[in-house]
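>>> Predicted coordinates and the sequence they were generated for:
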Amino acid sequence: MNTQPEYTYRDVLAASERVHWRVEDIIGEDKPLDFDRPFMPETLARTDAMTFLEPEERTVANQIRGHNYLYMFGLVEEFILPFVLDHTRPQLKDADDYRVRALLQFAAEEAKHIHLFKTFRKAFIADFGTPCEVIGPPSEIARAVLSHHPLAVALTILHIEWMSQGHYVDSIKCDAALDPQFKSLLRHHWMEEAQHAKIDTLMVESLVDASDPAEIDMAIQEYFQIGSMLDDGLRQQTEFDADAFVAATGRSFKTDERQRYVETQHQAMRWTFLGSGMTHPRFVESVKRIGPKAHAMVQVAAEMFS
């Protein structure tokens with residue numbers, strides 16, 4: 001890329017050290033979820049579009065989306081963690097101590113987030129009262145993602161990190177209708193992911209600088225392959241969510257209602273996890289620095305996921 005770094009490992013490390021929280025401080029028996037309220041903003045959940053459901057049923061569908069939202073974050077962090085550790089290992093002899101410390105801090109925080117989302121899922125299922133099947137196992141999805149070119153994986157991670165920033169700032173932060181406890185989980189996650197997005201930007205830049213044009217073209221293609229694989233998983237997850245909705249509400253879908261539920265929620269999840277990342281201004285900036293061809297390809301792909 002050969003650009004002046006916008007972020008530095010030293011500054012990111014300092015910011016990370018100012019933001020510190022423990023899983024035990026933000027979720028537990030004395031911090032229950034409020035199942036009388038929605039968990040997800042409508043801009044991401046799109047449950048109000050399912051007008052064939054009663055308002056109470058749309059709240060249940062929204063809460064199921066909240067469950068799979070945090071499960072999906074836990075799932076992707078299962079491949080982010082080993083990728084960061086693999087990226088850190090060659091840096092251990094680096095003279096830049098701030099880089100090593102920032103990367104290790106990044107890895108430690110991702111491990112904490114995995115713990116957080118597992119704890120949330122356990123609490124959700126206990127109080128929701130209905131099992132919610134999920135795609136996976138995460139280890140197999142991580143293995144498939146990590147089989148791709150490191151730059152493709154780094155771009156996918158950068159997409160995810162900026163995506164999470166956009167979700168919180170643009171849709172979640174000021175939505176007073178949401179369950180405060182669920183918002184608290186997302187706020188604490190956002191606080192640390194803000195630094196991860198900056199480190200990911202530096203990682204992508206270093207990988208681009210170390211790659212020749214043919215490798216970069218291959219990595220862009222593999223970034224889309226990873227996205228396609230994740231999209232297949234999102235489609236399967238909407239089927240699982242429809243089953244969970246029926247089990248939780250006791251409702252039987254009429255005629256084409258299940259198809260409408262799945263199609264509406266699949267497109268909502270495509271926007272949530274694919275389109276909103278591809279169109280985030282900061283992610284777009286990084287893609288533009290890779291080159292006009294990469295930028296044009298991402299623009300075209302993003303239109304599918306609106």
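On my side now, so go ahead. Numbers count the residues shown, from 1 in each chain.

>>> Look up how far T47 lies from the residue of the chain most remote from its centre.
The outermost residue of the chain, judged against the average C-alpha position, is T255 (33.5 Å), by CA atoms, centre = their mean. Per CB to CB, to the nearest Å, T255 is found 20 Å from T47. All C-beta spots, glycine's among them, are computed from the backbone N, C-alpha and C.

>>> What of S206?
From S206 to T47 the distance is 41 Å (CB to CB).

>>> who has more neighbours, the two?
Between S206 and T47, counting by other CB atoms under 10 Å, T47 is the more crowded of the two (25 against 17).

>>> what residues does the helix or strand where S276 lies touch?
Using DSSP states H and E, S276 sits within helix 276-278. By CB atoms under 8 Å, 6 or more residues apart in numbering, the surrounding residues in contact with helix 276-278 are 44, 159-160, 162-163, 166-167, 283-284, 298, 301-302, 305.

>>> thinking again about what came up before, where does the residue farthest from the centre of the chain land in three-state SS?
coil (DSSP: H, G, I helix; E, B strand; the rest coil).

>>> And it, how close does it get to F52?
Distance from T255 to F52, by CB to CB: 10 Å.

>>> What of F182?
Taken as CB to CB, the span from F182 to F52 is 26 Å.

>>> shaky segments in the stretch 101-250 of the chain?
Nowhere does the stretch 101-250 of the chain drop to pLDDT under 70.

>>> can you give me the helices for it?
Taking DSSP state H, counting those that start in this stretch, the helices of the stretch 101-250 of the chain run over residues 138-146, 150-167, 180-209, 213-249.

>>> Name all residues that make contact with Q221.
Counting by CB under 8 Å, 6+ apart, Q221 makes contact with A152.

>>> hmm, back to that, relative to D25, which of the contacts of helix 276-278 is nearest.
H167 (22.2 Å; CB to CB).
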